[in-house]
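Colleague: Just the structure for this:
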Amino acid sequence: MGYELCLLALTLYFALVDPNTPAWARGVIVAALGYLIMPIDAVPDMVPVVGYADDAGVLGAALATVAVHVADEHRRKAREVAESWFGARET
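Modeller: Residues are numbered from 1 along each chain as shown. Next up is the predicted model:
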């Protein structure tokens, strides 16, 4: 789950820093990424297996909400960074 969670977060991050992303979409992204780094959330991150499930759900919902503003370039950059951290993955 670590790779996928990072890939979601990185995709949203690259959409966030794109000046073409509208302000409302940036707000959604900031809220989702903020939830990811909050020390207190719905399911404590230290819980085995499901600890990051709520974080992944929030990131996934945010990505679905702003999907029209997430370009292939954002996804490509996110994949490159994630692969540099985790190693290449088959898609």
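Colleague: Need the nearest residue in space to residue 10, chain neighbours excluded.
Modeller: residue 78 (3.6 Å; CB to CB, 6 or more residues apart in numbering). Using the backbone N, CA and C atoms, a C-beta is placed for each residue, glycine as well.
Colleague: Now find how far off-centre the helix or strand that contains residue 60 is within its chain.
Modeller: Here residue 60 is covered by helix 53-66, with elements defined by DSSP states H and E. Average the C-alpha atoms of helix 53-66, do the same for its chain, and the two points are 7 Å apart (CA atoms, centre = their mean, to the nearest Å).
Colleague: swap in stretch 7-20?
Modeller: In terms of CA atoms, centre = their mean, the gap separating the centre of stretch 7-20 from the centre of its chain is 8 Å.
Colleague: how many neighbours does residue 53 have?
Modeller: When counting by other CB atoms under 10 Å, one arrives at 15 neighbours for residue 53.
Colleague: before we move on, what about residue 63?
Modeller: 18.
Colleague: next one: residue 15
Modeller: The burial count assigned to residue 15 is 26, neighbours taken as other CB under 10 Å.
Colleague: ok, back up a step: show me what counts as buried in the helix holding residue 60.
Modeller: 54-56, 58-59, 62-63, 66 (16 or more other CB atoms under 10 Å).
Colleague: I'd like the average pLDDT over it.
Modeller: Averaged across helix 53-66, the pLDDT comes to 92.
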